[in-house]
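1. Here is my input; please provide its structure:
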Amino acid sequence: MQHRRIFLAGDSSVTSRPRSMAPMVGWGQVLQLFVQGAEVVNAARAGSSSRSFLERGRLAWILENIAPGDLLLVSFGLIDMKPGDGRFTEPFGDYQHFLRQYALGARERGAHPVFVTSHERRVFDAYGNMRRPLGLYPTAMRELAMGLSVPLIDLNEWSVAWWRQAGPEGTKELFLYLDPGEHPNYPDGIADNTHLRGHGAMECARFVAGDMCAKGLLTPDHFRNLEARIPETAVEFLDDDVFERLTKERVGGRMAGNGALT
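-> The predicted structure follows:
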C-alpha cells in the first residue's frame, strides 16, 4: 500500500479541537478513524474563510509540504458568508477565485484536490422547517468543481437530508447543545447551531471517507470502519499546548513566524 497523506484545508467545521473545547469536534479531527495507510494532516483553522486561510499563509504551508500523490480536501463556506472583517467572499466571485488557487496549487505539485461542501448549520423555523443559511456557496463549489474536473464530496446535501430527518430536537444530539453543568468546559451550558459534537462529526467523517472510497480517490484498502459503530470515546483531542504550537507553525511563505496570525 502506497503511503499517502490527506491534507485538510477548511474552517471550524473541519478543524481538530483542543481538549479545552471538548466535546466540540470537527469532522477532520476524526477522519483518521475511517482511513488507514494514509496520514490525515488536518491544517484546517477555526474562523477561516477561503480568503483568510490563503491570505494568512495557511495554504502556503500546505503547498510547501504536500507531495505528488497526496490529496488536498478543501472545505469552506461557513465563514465566507459572514460580512465584514476581511473574510467575506461572494459565492460566484472571489469565493470561486480563491478555491481555484487551492486546486491549481495542489495540481502544480502533483497532488490531487478534492472539494467538500460544508455541512449545513442547524437552523429551523417556528414550524420545524429547516433553513439553508449557506445559500449559494455549495452551489458555487459544485459549479467550480465541474469546471475544473475536481472531485466533489457533497457533504452539504447529505447533511441537509440528515438534519431534516432528525428534526429540531434530534439535531441537538449532533450539534454542541449542553445543559448548564453538563460538561466542565461549558459550565453555563451552550446552544451552538454551527459546531458538532462527537457523533455528528464522526458521521460526517464517515460520509466523507465513504465517498472518497466510492469515487476511487484512494484504493479500497485505505479505508476502514465504514460500517462499524464507533463510540464517542474514540475521539482524541489535542493537548492545548500542542494545538497552539501547530496553529503557529502551520503558516508558510513570508507569513511564517508571525505569532499574531489567527
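
2. quick one: contacts for D211?
-> Residues in contact with D211 (Cβ atoms under 8 Å, 6 or more residues apart in numbering) are I153, D154. Heads up, the C-betas are built off the backbone N, CA and C, glycines and all.

3. Which phi and psi values does it adopt?
-> Phi and psi for D211, reported as degrees, to the nearest 10, are phi -70, psi -30.

4. Provide a list of residue ranges in this structure with pLDDT below threshold.
-> Segments of the chain classed as low confidence (criterion: pLDDT under 70) are 1-2, 254-262.

5. Which stretches in the stretch 151-262 of the chain count as strands?
-> Secondary structure of the stretch 151-262 of the chain (DSSP state E, counting those that start in this stretch): strands at 152-153, 175-178, 190-196.

6. wait, which of these is closest to L144?
-> Distances from L144 to each of the strands of the stretch 151-262 of the chain were compared by Cβ to Cβ, and the smallest falls on strand 152-153, at 9.1 Å.

7. Let's have the strands of the stretch 151-262 of the chain in JSON lines, adding distance to F124 and mean neighbour count.
-> Putting these into JSON lines (distance: least, Cβ to Cβ, whole Å; neighbours: other Cβ atoms under 10 Å) gives the following:
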{"stretch": "strand 152-153", "distance to F124": "25", "mean neighbour count": "20"}
{"stretch": "strand 175-178", "distance to F124": "12", "mean neighbour count": "19"}
{"stretch": "strand 190-196", "distance to F124": "9", "mean neighbour count": "18"}
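
8. can I get those strands in TSV with distance to L99?
-> Written out in TSV, the entries for the strands of the stretch 151-262 of the chain read as follows (distance: least, Cβ to Cβ, whole Å):
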stretch	distance to L99
strand 152-153	11
strand 175-178	26
strand 190-196	21
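
9. How about the backbone phi and psi for V25?
-> According to degrees, to the nearest 10, the main-chain angles of V25 amount to phi -140, psi 130.

10. quick one, what contacts it?
-> R17, L196, R197, G198, G200, A201, M202, V235.

11. Mind checking which of those residues are in helices?
-> Assigned to helices by DSSP state H, the following of the contacts of V25 qualify: G198, G200, A201, M202.
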